[in-house]
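Enquirer: Here is my input, please return the structure:
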Amino acid sequence: MAADKDSASLPTEQRRDHDGSQPPNGILAGASKDVPLSLLQTIGRVLTPEIFQRRKPVARRVGPTAWLDGLRGWAAFSVCIFHMLSFTHSGIEMCYGQGYYWSTWNYSPLSLPIIRVFFMGGHIAVMTFFTISGYVVPRRLISLLHENRKEEFVENLNSALIRRPLRLWLPALWTTLSFAMSWHIFGIATPWPLHQSNILYEFLHWCYQSTQFLFFWRLHPWYHFYNLHTWTIPVEIQGSYFILVWLFLLHQTSHRFRLIATLLMTLYLGILAGAGFYAASFAGMFTAELDMIVSEGWQVKLPWDGFARTLKANPNTRMILSYVVLILGCLLAGQPSADSLEMQYVMGGCPGFRDLVHLIPPSYVDDPPSSRYRWFWLFWAAWGILVGIKDIGWIKRLFETTFSQYLGRISFCLYLCHGPLIGIFSERLFYLTGVKTPGDQILQEKFGHLVNKWHDASWWPFPDGGPYGLEPNFLFCVFVSVPIFLYVAEVATRLFDERSATVAAWTYKKLKSLR
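Expert: Below is the predicted model:
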């Protein structure tokens, strides 16, 4: 989810870590006299929402992958909405009209085909993250290979192998530590996890859990104990390392051989190996190189050149095909889901998916049954959405708008922070407004005093009836929570995500100096 940033995009004080230069002595001398004022200004800039900051943001040239930043941002936003819905509405992930509990059926309009992608799109968003990373992370390395700059390729590969895990680890560690400490400092009860008896024990427990989390090859659990949604971070690192090592293994072969081998590896991982996560990274890399061959004019003979020339000569046919691929991707992205129910029940009652369930390879079907089957069709969906959007200009421009780019900038921290914020903030709103009631004795002890406190008040204007997932009292919770999510993610981006890029670059520079 986190994209590496080069030194040219960093502020002056951060670029010193890259070029080794220092500011004039006069600047240092002046700064030393104004440290308190400078500190207050820095704190103000960090805590002030971007929309209220006086200085205008620096105009940025829209690059060839800017639309992917916007797509990543909206994917992270959809994860927030998905988790708020699924935490409060049982069975809403099932397909429209399907029964999920005794005589209860899911007739939520949010569950209709295509529409459900925007509201129940948490799982397709995760697969989209992996596909986008595969598209973006190796682009510089691929360019160096085509330019036959092998020494620079090895140097950049070394840099990526060191910086990539730091760019993903550090924000995850810093955000989990911040939330863990805040529980004790402010006395906040949360539904998960179980808090330690005091802040010192909490810190020591966080340190232990972090050491487990940093071993990204462990089999179970993948997530950090203090944030269940961090399970995607080890997968991101594994996928990134996979494609980086793959490029090194084949960097002395021809471009034609590497591309065909990459396509075959994508199909092997996605179908035979049951490794849809890693297939998504390879699919992104394969698509990126094909696009770069066209945009840069590189001469590479490929088996499908005849088909590509036909599409190039018939732009209308190509555009129709892009729409078809995108629509198919969105339909597959709406695959129903339920962690506690078996595959045949979840998909067997849904038009289309009742047939597609038989095409899921055995490699995705565990014994005993689990929800791993869902990732097969979601892999194809994410790849289809990426391929479809990239050739449809008006959709790309939507992802290049100011707000989409804003979501893209804060997407990593929005993903990292929304889960703990639901537990800290939204959970209380759910109880106060009657959206949710405590499910067990522990939750009753923590939140029982909040149940229906606003809902039963004479001044409360929002009823709890209406379409499933669109109840006015639930929508109130969403509209109040989302600005909080965005604000905290924005602050966390400045404090943690942007700093992690500097730390990662500094670490690589220091390691090089130890030769």
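Enquirer: can you pull out the strands in this protein?
Expert: Taking DSSP state E as the test, the strands found in the chain are 99-101, 104-105.
Enquirer: partners of the first one in the sheet?
Expert: Just to be clear, that refers to strand 99-101. strand 104-105 (antiparallel) (DSSP bridges).
Enquirer: about what we covered before: check the strands of the chain for me: which has the lowest mean pLDDT.
Expert: Here the lowest mean pLDDT among the strands of the chain goes to strand 99-101, at a mean of 78.
Enquirer: which residues sit against that strand?
Expert: Ser90, Gly91, Met94, Trp105, Asn106, Ala338, Leu341, Gly349 (Cβ atoms under 8 Å, 6 or more residues apart in numbering). In short, each C-beta sits where N, CA and C put it, glycine included.
Enquirer: For the nearest residue to Trp377 once chain neighbours are set aside, give its distance to Ala125.
Expert: The spatial neighbour of Trp377 that comes closest, neighbours along the chain excluded (Cβ to Cβ, 6 or more residues apart in numbering), is Leu332 at 4.9 Å. Here the criterion is Cβ to Cβ, to the nearest Å. By it, Leu332 lies 14 Å from Ala125.
Enquirer: which of these two has more neighbours?
Expert: Between Leu332 and Ala125, counting by other Cβ atoms under 10 Å, Ala125 is the more crowded of the two (26 against 23).
Enquirer: got the contact list for the more buried one?
Expert: Ala125 neighbours (Cβ under 8 Å, 6+ apart): Ala75, Ala76, Ser78, Val79, Phe82.
Enquirer: try it again with 6 Å
Expert: Neighbouring residues of Ala125 by Cβ atoms under 6 Å, 6 or more residues apart in numbering: Ala75, Ser78, Val79.
Enquirer: again, but for Thr42
Expert: Counting by Cβ under 6 Å, 6+ apart, Thr42 has no contacts.
Enquirer: can you check Glu50 too?
Expert: No contacts exist for Glu50 under Cβ under 6 Å, 6+ apart.
Enquirer: And the helices in the stretch 101-250 of the chain?
Expert: Assigned by DSSP state H, counting those that start in this stretch, the stretch 101-250 of the chain shows helices spanning 115-119, 122-136, 139-146, 150-185, 199-214, 232-249.
Enquirer: will you turn those helices into CSV that also has distance to Ile422 and mean pLDDT?
Expert: Below are the helices of the stretch 101-250 of the chain laid out as CSV (distance: least, Cβ to Cβ, whole Å; pLDDT from 0 to 100):
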stretch, distance to Ile422, mean pLDDT
helix 115-119, 16, 94
helix 122-136, 13, 97
helix 139-146, 34, 96
helix 150-185, 11, 96
helix 199-214, 20, 96
helix 232-249, 17, 97
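Enquirer: any idea which of these is most buried?
Expert: Neighbour counts (mean count of other Cβ atoms under 10 Å) averaged over each of the helices of the stretch 101-250 of the chain peak at helix 122-136, with a mean of 25.
Enquirer: Now do it against helix 150-185: the angle between them, please.
Expert: Angle, helix 122-136 to helix 150-185, by axes from the mean of the first three to the mean of the last three Cα atoms, to 10 degrees: 150 degrees.
Enquirer: Look at the closest residue to Lys396 other than its chain neighbours and report its pLDDT.
Expert: Of all residues not flanking Lys396 in the chain, Trp67 sits nearest, at 4.2 Å (Cβ to Cβ, 6+ apart). We have a pLDDT of 96 for Trp67.
Enquirer: Please give me every residue in contact with Trp67.
Expert: Trp67 neighbours (Cβ under 6 Å, 6+ apart): Lys396, Phe399, Glu400.
Enquirer: By neighbours, which of these wins?
Expert: If you count neighbours using other Cβ under 10 Å, the busiest of these is Phe399, which has 20 neighbours.
Enquirer: Just give the number of residues close to the closest residue to it other than its chain neighbours.
Expert: Computed as Cβ to Cβ, 6+ apart, the closest residue to Phe399 that is not its neighbour in sequence is Gly70, at 3.0 Å. Counted with other Cβ under 10 Å, residues neighbouring Gly70 total 25.
Enquirer: a markdown table for the contacts of Ala125, including pLDDT and neighbour count?
Expert: Shown next, in a markdown table, are those (pLDDT from 0 to 100; neighbours: other Cβ atoms under 10 Å):
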| residue | pLDDT | neighbour count |
| --- | --- | --- |
| Ala75 | 97 | 26 |
| Ser78 | 97 | 19 |
| Val79 | 97 | 24 |
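Enquirer: and of the residues you listed, the nearest to Val294?
Expert: Lowest distance from Val294 to the contacts of Ala125 (Cβ to Cβ) belongs to Ala75, with 25.2 Å.
Enquirer: Would you quantify the distance from the closest one to Gly97?
Expert: To Gly97, Ala75 is 27 Å away according to Cβ to Cβ.
Enquirer: What of Gln299?
Expert: For Gln299, the distance to Gly97 equals 53 Å [Cβ to Cβ].
Enquirer: Could you do Gly434 as well?
Expert: In terms of Cβ to Cβ, Gly434 sits 26 Å off from Gly97.
Enquirer: So these two - more neighbours on which side?
Expert: Remark: of Gly434 and Gly97, Gly434 carries more neighbours, 20 against 14, as counted by other Cβ under 10 Å.
Enquirer: ok, how many other residues are close to the closest residue to the more buried one other than its chain neighbours?
Expert: Excluding the flanking residues, the one nearest Gly434 by Cβ to Cβ, 6+ apart is His455, at 3.3 Å. Counted with other Cβ under 10 Å, residues neighbouring His455 total 16.
Enquirer: unless I'm mixing things up, His455 is touching Val435, no?
Expert: No: using Cβ atoms under 6 Å, His455 is not in contact with Val435; the gap is 8.4 Å.
Enquirer: Against Val79, how distant is the residue nearest to Ala338 when sequence neighbours are not counted?
Expert: Leaving aside its sequence neighbours, Ala338 sits nearest to Val346 (Cβ to Cβ, 6+ apart; 5.0 Å). Per Cβ to Cβ, Val346 is found 20 Å from Val79.
Enquirer: Spatially, what comes nearest to His195 if we skip its sequence neighbours?
Expert: Trp183 (5.7 Å).
Enquirer: From Ala457, how far off is the one you found?
Expert: As judged by Cβ to Cβ, Trp183 and Ala457 stand 28 Å apart.
Enquirer: Same check on Ala283?
Expert: Using Cβ to Cβ, one gets 52 Å for the distance from Ala283 to Ala457.
Enquirer: now swap in Glu50 and tell me
Expert: Taking Cβ to Cβ, one finds Glu50 at 35 Å from Ala457.
Enquirer: Please apply the same query to Ser322.
Expert: 52 Å.
Enquirer: Pick out whichever of the two has more residues nearby.
Expert: Between Ser322 and Ala457, counting by other Cβ under 10 Å, Ser322 is the more crowded of the two (18 against 10).
Enquirer: Check what pLDDT that one gets.
Expert: 96.
Enquirer: show me the contacts for it.
Expert: Ser322 neighbours (Cβ under 6 Å, 6+ apart): Gly388, Asp391, Ile392.
Enquirer: How about it: what's its closest non-neighbour residue?
Expert: Ser322 sits nearest to Asp391 (Cβ to Cβ, 6+ apart), 4.2 Å away.
Enquirer: So what's the residue count around that neighbour?
Expert: The local packing of Asp391 (other Cβ under 10 Å) involves 18 other residues.
Enquirer: Next one: it, what pLDDT does it get?
Expert: At Asp391, pLDDT is 91.
Enquirer: Same question for the one 4 residues further on.
Expert: The predicted local distance difference test score for Ile395 is 96.
Enquirer: For the contacts of strand 99-101, which single residue is the most surrounded?
Expert: Neighbour-wise, these (other Cβ under 10 Å) top out at Met94, 25 neighbours.
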